[in-house]
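Engineer: pasting the sequence and the predicted coordinates here, then a few questions.
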Amino acid sequence: MTDLRPDSAPAIGPGAHLLVTGGAGFIGSELVRQLLARRDGTRVTVLDKLTYAGNRANLAEVEADAGQAARFTFVQGDIADPSIVGPLAAEADAIINVAAETHVDRSILDPEAFLRTGVIGVHVLLEAVRGETERARRGGREHAPRFLQVSTDEVYGEVSEGRSTETDALAPRSPYAAAKASGELLVSAYAITFGLDTVVTRGSNTYGPHQHPEKLIPLFTTNALGGHPLPMYGDGMQIRDWLHVSDHAAGIDFVLRHGVTGEAYNVAGGTELPNREVIGRLLAATGRDWSLVRTVPDRPGHDRRYAMDGSKLAALGWRPRVDFADGLPATVAWYRDNPDWIASAKSGDWDAYYARQYGDRLAAGRAVDRTA
């Protein structure tokens, strides 16, 4: 089959119009804030369904700044809806797909929602990019849009030794990771078959302000601040590579502008720690002790370790800047200083979700042996 991909990607420079899907979420909103804070004429349209994890308040800083707000548009909608996606793609120089259902625990409770966003939604976006690429070839627009798919280190599956590189086989072990891997395969197939300009990023475990409290760091931080039990899965020795959200967003933006068409890039944090060590640091930052921690039955298929090799992206000139030793206490301070945001994030179906996910586990849990 002939490879139809372009030899070189169009420059995404000042004044570009970027469509960010999932831009009201944790990573997406940080990306939007960074893009508009440069004040270089970049325009950003956010498409977000505003599910439980999408929060319009995450964009309040942008909308309160007259200069940034003038270059910002918000559209509430589903990436799986072609009637919404098509007109937005027609106006975009690039599309950055951050929209996703991202929590592994929820993917075990409700896999279908992850497939709709991670597979059908990606398909709809790619079809829109395909249409705009064909329009550019006919001379109907100056250049085809670039498409960046934000993925995760979890597509590699469990990594017992060494670090995953971009050419390693994908071996997802949860419905969430399988949906993300499926989306990646669609991106690759469309790039080769239809000649789309695509790039993929695979990010490490991300933490920082504005993260929904279903994830480990914000869950344990908000529980600790409130004096509530901290449900630690198993022995707490699952190892993750931690990446601050500001670095993750900066890495995505860097790949958008400098990544080679058709390539994938690991956005690695460079700080591998077992969950137990992270919990200890959270307790110190919140002024709590291990008496709050309960070891609870582990979730099914819980990968023991993720680790990625970030040398490919480093060779292009990018590295993370926020050290975990600084980023974690700053994150705890943000949650301590934003109780209204926490209350909003824990509204709606939060209590029902928490009871379903942790009720029986906490009932079966026990105090942690701090010497283990």
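Structural biologist: In hand now; what should we look at? Numbers count the residues shown, from 1 in each chain.

Engineer: for the helix or strand encompassing residue 136, packing partners?
Structural biologist: According to DSSP states H and E, residue 136 maps onto helix 122-137. With contacts taken as 3 or more CB pairs under 8 Å, 6 or more residues apart in numbering; DSSP states H and E, helix 122-137 sits against helix 82-90, strand 94-97, strand 146-152, helix 175-194. From N, CA and C alone the C-beta is placed, and that goes for glycine too.

Engineer: the last one packs against which elements?
Structural biologist: I take that to be helix 175-194. Secondary elements touching helix 175-194 (3+ CB pairs under 8 Å, 6+ apart): helix 104-109, helix 111-115, helix 122-137, strand 146-152, strand 197-203.

Engineer: tell me the buried residues in the second one?
Structural biologist: Spelled out, it's helix 111-115. Residues of helix 111-115 classed as buried: 114-115 (neighbour count, 16 or more other CB atoms under 10 Å).

Engineer: what helices or strands is it leaning on?
Structural biologist: Under the contact definition 3+ CB pairs under 8 Å, 6+ apart, helix 111-115 sits against helix 104-109, helix 175-194.

Engineer: want to try JSON lines for the helices and strands packed on helix 175-194, with mean pLDDT and distance to residue 357 as columns?
Structural biologist: As requested, those are exported to JSON lines (pLDDT from 0 to 100; distance: least, CB to CB, whole Å):
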{"stretch": "helix 104-109", "mean pLDDT": "54", "distance to residue 357": "6"}
{"stretch": "helix 111-115", "mean pLDDT": "74", "distance to residue 357": "15"}
{"stretch": "helix 122-137", "mean pLDDT": "98", "distance to residue 357": "27"}
{"stretch": "strand 146-152", "mean pLDDT": "97", "distance to residue 357": "20"}
{"stretch": "strand 197-203", "mean pLDDT": "98", "distance to residue 357": "24"}
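
Engineer: of all these, which lies closest to residue 180?
Structural biologist: Nearest to residue 180, of all the helices and strands packed on helix 175-194, is strand 146-152, at 5.1 Å by CB to CB.

Engineer: for the closest residue to residue 21 other than its chain neighbours, give me its contacts.
Structural biologist: Closest residue to residue 21 apart from its sequence neighbours, by CB to CB, 6 or more residues apart in numbering: residue 99 at 4.0 Å. By CB atoms under 8 Å, 6 or more residues apart in numbering, the contact set of residue 99 is 21-22, 25, 28, 47-49, 79, 117, 121.

Engineer: what about these, which are in helices?
Structural biologist: residue 28 (DSSP state H).

Engineer: of the contacts of residue 99, grab the buried ones for PyMOL.
Structural biologist: With 16+ other CB under 10 Å as the burial test, the buried ones among those are selected in PyMOL as follows:
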select buried, resi 21+22+25+28+47+48+49+79+117+121
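
Engineer: nearest to residue 360, of the contacts of residue 99?
Structural biologist: Relative to residue 360, and with distances defined as CB to CB, the nearest of these is residue 117, at 27.6 Å.

Engineer: which residues touch the closest one?
Structural biologist: 79-80, 99-101, 179.

Engineer: can you add distance to residue 348 and pLDDT and give those residues back as TSV?
Structural biologist: Shown next, in TSV, are the contacts of residue 117 (distance: CB to CB, whole Å; pLDDT from 0 to 100):
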residue	distance to residue 348	pLDDT
79	21	96
80	21	94
99	19	90
100	19	75
101	15	65
179	23	91
